[in-house]
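S.K.: quick one: sequence and predicted model below, then my questions.
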Amino acid sequence: MSPPGRGGAAPILVVNDAEAARYVITRMLDRSGFPVVTAATGAEALQRLAGGEPRLVVLDIELPDMSGLDVCRAVKADPATQHIKVLHTSAVHVATDSKIHSLESGADGYLSQPFEQEELVATVRSLIRLTETEQALRDRAREVDEANRRTHEFLAMLAHELRNPLAAIVNSLPLIEQRDATDEPERTAREVMRRQTSRLTRLVDDLLDVARVTQGKIELKTETVNLTDVVMRVAENARHSKMAPLKQTLEVSVPPYTLLCRGDEMRLEQIVTNLLDNASKYTEPGGWICIELAYEPGPTRASIIVRDSGIGITSGALGSIFNLFSQADVPLARSRGGLGVGLTLVRRLVELHGGTVQARSEGAGKGSEFIVTLPLAEKPALSRAAGSPDAAGSHAAVKPRNILLIEDNYDAQMALAMLLEMWGHKVDIAPDGLAGIAAATRNLPDIAFVDLGLPGVDGFEVARRIRAMPGGKDVLLVALTGYGTAADREKSLAAGFDLHVVKPIEPEQLLALVADADAVVRAQQSLRDARVTAGSQPCAAISGRPRP
């Protein structure tokens with residue numbers, strides 16, 4: 001703060017209806033080199049402050065026309081004057097509650113009269129320093145906003161300008177490819193040109209999109225979107241186009257029912273594509289990548305989790321990984337290419353859909369995890385295979401199953417059993433873990449619904465024993481529980497369960513699980529086999545959460 005003085009400095013407004021008190025305060029400030037103007041009423045004070053000249057007001061609480069508290073509230077409520085500091089003074093209101101009321105009205109300080117000149121001047125100087133610091137921050141914020149505006153205008157212009165030569169190259173490639181390549185080098189050169197042109201097109205699209213999104217120029221074409229289809233479609237494309245050439249393993253885990261979201265299908269595909277591209281780019285050849293779509297009950301949300309065995313993210317970089325032009329703070333990342341706009345675009349598009357995105361990593365070399373959470377349009381709409389029945393109609397088309405129900409709550413046991421039997425399935429019932437193991441030994445089921453909190457032997461041990469039986473790997477094991485935390489799901493998956501379902505299970509969900517049992521078992525078995533072959537970490541099961 002520059003030394004106080006009269007040369008060009010904004011004055012301090014002293015407001016007090018007592019002429020003697022007003023004179024004393026004015027003299028204290030004047031002796032310390034502060035320029036001073038005065039007012040005797042609240043209305044006069046507001047009139048002077050409206051001019052914007054004073055930078056600080058020493059305001060008495062007791063005024064003849066209005067309370068100093070009301071004057072303070074008016075000053076702080078007006079955008080034109082809210083930056084002016086208010087120092088309340090009073091010779092009457094000196095109790096603690098009076099000071100509290102003063103500060104709650106918006107005052108920046110409070111002094112009880114009488115006070116010494118040194119106390120007043122020190123307080124005034126402190127408030128002026130605060131004013132100057134806040135002004136510097138506002139100036140800096142304006143500079144940053146202006147720099148951001150110029151950056152995004154440049155990005156938009158650059159992307160548009162790049163499109164013209166890029167279009168010429170893209171349109172010329174088919175002309176070259178009308179005739180066969182004459183030799184292997186020419187064939188290789190064509191493949192490189194096609195591959196790199198596609199990559200350049202993607203980079204230009206990302207540049208233009210991030211500029212549009214940041215400036216608020218993208219409007220979503222909202223419709224009801226099947227997230228399950230989006231994840232499966234994008235994952236399949238990424239597996240062949242991106243990961244197969246690098247011999248990277250992609251594991252996909254989706255629920256056996258439909259998750260519907262209100263959003264822009266093209267932009268949702270873009271979110272998933274960018275996350276998988278990012279995972280592949282920062283994962284070594286031969287590494288593994290996992291994408292999981294999970295239903296989050298309660299607020300009715302879906303989570304898209306992408307994990308990889310790649311280079312990881314340092315703790316210092318996690319906070320800025322979604323910033324424009326940011327890349328992982330690892331030297332190896334510099335060689336991976338990209339402009340650092342893909343994750344920025346992911347965050348912006350996710351936010352436009354009312355969702356959130358976060359990144360996790362245990363550090364360099366330990367892989368990374370990205371979690372996108374999106375609101376669903378409704379509770380899961382369960383998918384039905386061709387020829388499978390509608391939940392409200394006939395169930396004759398459902399393949400009859402041998403089902404083992406291990407549940408110690410009699411009412412829950414009987415209700416679930418009767419529902420399954422009504423749909424034409426054969427149901428064995430066991431009230432505890434040991435009885436359930438015995439029933440599975442006598443007649444290995446197609447599906448076993450197992451309560452986790454069983455008397456004697458718990459559900460986790462039941463799952464392990466069933467898996468150890470001949471043919472046990474082909475049983476669809478479903479954990480039924482009232483607990484749905486990540487740790488609970490992890491424990492279920494580790495014990496051998498395919499699915500972790502939080503009670504109560506909806507009839508439609510139950511129907512879908514039974515109808516799609518074979519597909520779920522095959523999918524889970526493929527994941528287990530792939531993990532054994534690749535030596536990778538397991539991907540969470542269909543309704544499970546990602547491993548930390």
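M.R.: Looks like it arrived, so ask away. Numbers count the residues shown, from 1 in each chain.
S.K.: how about residue 444, what does it touch?
M.R.: 402, 466, 469-472, 475 (C-beta atoms under 8 Å, 6 or more residues apart in numbering). All C-beta atoms are positioned from the backbone trio N, CA, C, and that covers glycine.
S.K.: kindly recompute the last result at 6 Å.
M.R.: residue 471 (C-beta atoms under 6 Å, 6 or more residues apart in numbering).
S.K.: I'd guess it is in a helix, am I close?
M.R.: No. Assessed with DSSP: H, G, I helix; E, B strand; the rest coil, residue 444 is coil; it does not lie in a helix.
S.K.: look up the pLDDT of it for me, please.
M.R.: According to the prediction, residue 444 has pLDDT 94.
S.K.: next one: phi and psi at it?
M.R.: Backbone torsions of residue 444, given as degrees, to the nearest 10, read phi -60, psi 120.
S.K.: and for the one 10 residues further on?
M.R.: Dihedral angles of residue 454 (phi, psi; degrees, to the nearest 10) stand at phi -90, psi 150.
S.K.: do you know the pLDDT at it?
M.R.: 89.
S.K.: that one - how many residues pack around it?
M.R.: Using other C-beta atoms under 10 Å, the number of residues around residue 454 comes to 22.
S.K.: and if you look at the one 10 residues further on?
M.R.: Other residues near residue 464 number 17, with proximity taken as other C-beta under 10 Å.
S.K.: one more: the one 10 residues further on?
M.R.: Residues near residue 474, counting by other C-beta under 10 Å, number 12.
S.K.: distance of residue 124 from residue 91?
M.R.: As judged by C-beta to C-beta, to the nearest Å, residue 124 and residue 91 stand 18 Å apart.
S.K.: got it, and residue 440?
M.R.: Distance from residue 440 to residue 91, by C-beta to C-beta: 86 Å.
S.K.: what packs against the stretch of helix or strand residue 251 belongs to?
M.R.: Of the helices and strands defined by DSSP states H and E, residue 251 is found in strand 249-253. Contacts defined by 3 or more C-beta pairs under 6 Å, 6 or more residues apart in numbering; DSSP states H and E place strand 249-253 against strand 288-296.
S.K.: keeping just the C-alphas, turn the helix or strand just after the strand it packs on into CSV.
M.R.: Remark: after strand 288-296, the chain's next helix or strand is strand 301-308, criterion DSSP H and E. Provided in CSV are the C-alpha atoms of strand 301-308 (Å, rounded to 0.1, in the frame of the first residue of the first chain):
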residue,chain,number,x,y,z
ARG,A,301,-27.5,-42.0,-11.8
ALA,A,302,-25.2,-43.9,-14.1
SER,A,303,-21.4,-44.1,-13.8
ILE,A,304,-19.0,-44.7,-16.7
ILE,A,305,-15.7,-45.8,-15.3
VAL,A,306,-12.6,-46.1,-17.5
ARG,A,307,-9.5,-47.6,-15.8
ASP,A,308,-6.1,-48.5,-17.3
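S.K.: how distant is strand 301-308 from the center of its chain?
M.R.: Offset of strand 301-308 from its chain centre (C-alpha atoms, centre = their mean, to the nearest Å): 10 Å.
S.K.: cool, stretch 444-456 as well?
M.R.: 35 Å.
S.K.: and the end-to-end length of that stretch?
M.R.: 21 Å (C-alpha to C-alpha, to the nearest Å).
S.K.: for it, which positions count as buried?
M.R.: Going by neighbour count (16 or more other C-beta atoms under 10 Å), the buried part of stretch 444-456 is 444-452, 454.
S.K.: which of residue 124 and residue 91 has more neighbours?
M.R.: Using other C-beta under 10 Å, the more surrounded residue of residue 124 and residue 91 is residue 124, with 22 against 15.
S.K.: which neighbouring elements make contact with the helix or strand hosting that one?
M.R.: Residue 124 is part of helix 117-176 when elements are defined by DSSP H and E. In terms of contact count using 3+ C-beta pairs under 6 Å, 6+ apart, helix 117-176 is assigned the packing partners helix 184-214.
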